[in-house]
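Enquirer: okay, sequence plus prediction incoming.
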Amino acid sequence: MLSDVSFRVEPGEVVALLGPSGAGKTTLFRCLTRLVEPDRGQIRWFGRTVTDMRPRALRRARRDIGLIFQQHNLIRRRSALDNALAGRLGHVPFWRAVARRFGKADRQRAFAALDRVQLLDFAARRADRLSGGQQQRVAIARVLVQESALILADEPVASLDPATAVSVLALLRDIARETGVAVLCSLHQVDLVAGFADRVLGLRNGQLAGNTPIAEFSRVTSTELYASTAGSYPPR
């Protein structure tokens, strides 16, 4: 359950969301996308109140929100290119989406996105033949093809080794700087935050427990946040 959680994410800003398991991070993401309906309060995307949007308007608005998950959510038997093109599904007529018939401009977007995440040479390779880090880069390419204005990344590097995790987070940070897309990313790896985020939101027991510029964030701050559970310490 979430209570009195209020914050903003600005264009081009990277915000890390931290908190112990059960703090409400995934629930917050589900509320932001209206997969879970909040009991009260408002959710605003880019100046638009979405909490009272009708289904058709909400579908259109969701095109601005790119989602990246821990398990990548790729179509395993399809190529990296096909998975990147899935970012255009909300922009094309229904029959094109079903038939997976994308125009030249959309395919060019997908190739450019794969090039940006350094996977152009793997465009024809099936997703299930890519490494975990490469699969997550395809997921990032997908939100680039979607032309998202906000990226919600739910523990995107939890299943990656440390070096690959750093490279994926650096890619997200660089894309935010280059394109002005806002990034809200939940993490458990506290040690990665300083080189990635501009600001840190702390969530504890469903409530906001901190909204801290990265220059003021410290190991002490994170220890206090994770001390909500007896005997717990921030993960390394």
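Expert: All right, it came through fine. Residues are numbered from 1 along each chain as shown.
Enquirer: which element follows the worst-scoring helix or strand of the chain on mean pLDDT toward the C-terminus?
Expert: Here the helix or strand of the chain ranked lowest by mean pLDDT, DSSP states H and E is helix 94-99, holding a mean of 58. Moving toward the C-terminus from helix 94-99, the next helix or strand (DSSP states H and E) is helix 104-116.
Enquirer: residues contacting D161?
Expert: Neighbouring residues of D161 by Cβ atoms under 8 Å, 6 or more residues apart in numbering: G133. Glycine gets a C-beta too; all of them are placed from N, C-alpha and C.
Enquirer: which other residues reach the longest helix along the chain?
Expert: Longest helix in the chain by number of residues (criterion: DSSP state H): helix 162-179. Outside helix 162-179, the residues within contact range by Cβ under 8 Å, 6+ apart are 12-14, 116-117, 131-133, 136-137, 140, 144, 151, 153, 156-157, 160, 181-183, 185, 189, 192, 195-197.
Enquirer: grab the most central residue of this protein for me.
Expert: A153 (2.0 Å; Cα atoms, centre = their mean).
Enquirer: wait, is that residue part of a helix?
Expert: No - according to DSSP: H, G, I helix; E, B strand; the rest coil, A153 belongs to no helix; its state is strand.
Enquirer: what is it paired to in the beta sheet?
Expert: Here A153 sits in beta bridges with I68, C185, going by DSSP bridges.
Enquirer: thought it was touching S186?
Expert: Yes - at 7.1 Å, A153 counts as touching S186 under the criterion of Cβ atoms under 8 Å.
Enquirer: and the spatially closest residue to T49 that is not a sequence neighbour, what element?
Expert: Once flanking residues are discounted, T49 sits nearest to Q42: 5.5 Å by Cβ to Cβ, 6 or more residues apart in numbering. Following DSSP H and E, one finds Q42 outside all helices and strands.
Enquirer: and Q42, its phi and psi?
Expert: Backbone geometry at Q42, expressed as degrees, to the nearest 10, gives phi -130, psi 150.
Enquirer: how many neighbours does it have?
Expert: 10 (other Cβ atoms under 10 Å).
Enquirer: doesn't T51 make contact with it?
Expert: Yes - under the criterion of Cβ under 8 Å, Q42 makes contact with T51 at 5.3 Å.
Enquirer: now A165: how far from Q189?
Expert: Using Cβ to Cβ, to the nearest Å, one gets 7 Å for the distance from A165 to Q189.
Enquirer: can you pull the residues that touch both of those two?
Expert: In contact with both A165 and Q189: V157, using Cβ under 8 Å, 6+ apart.
Enquirer: would you list every one of the helices in the protein?
Expert: Under DSSP H, the chain gives helices at 25-32, 55-61, 80-85, 94-99, 104-116, 132-146, 162-179, 219-226.
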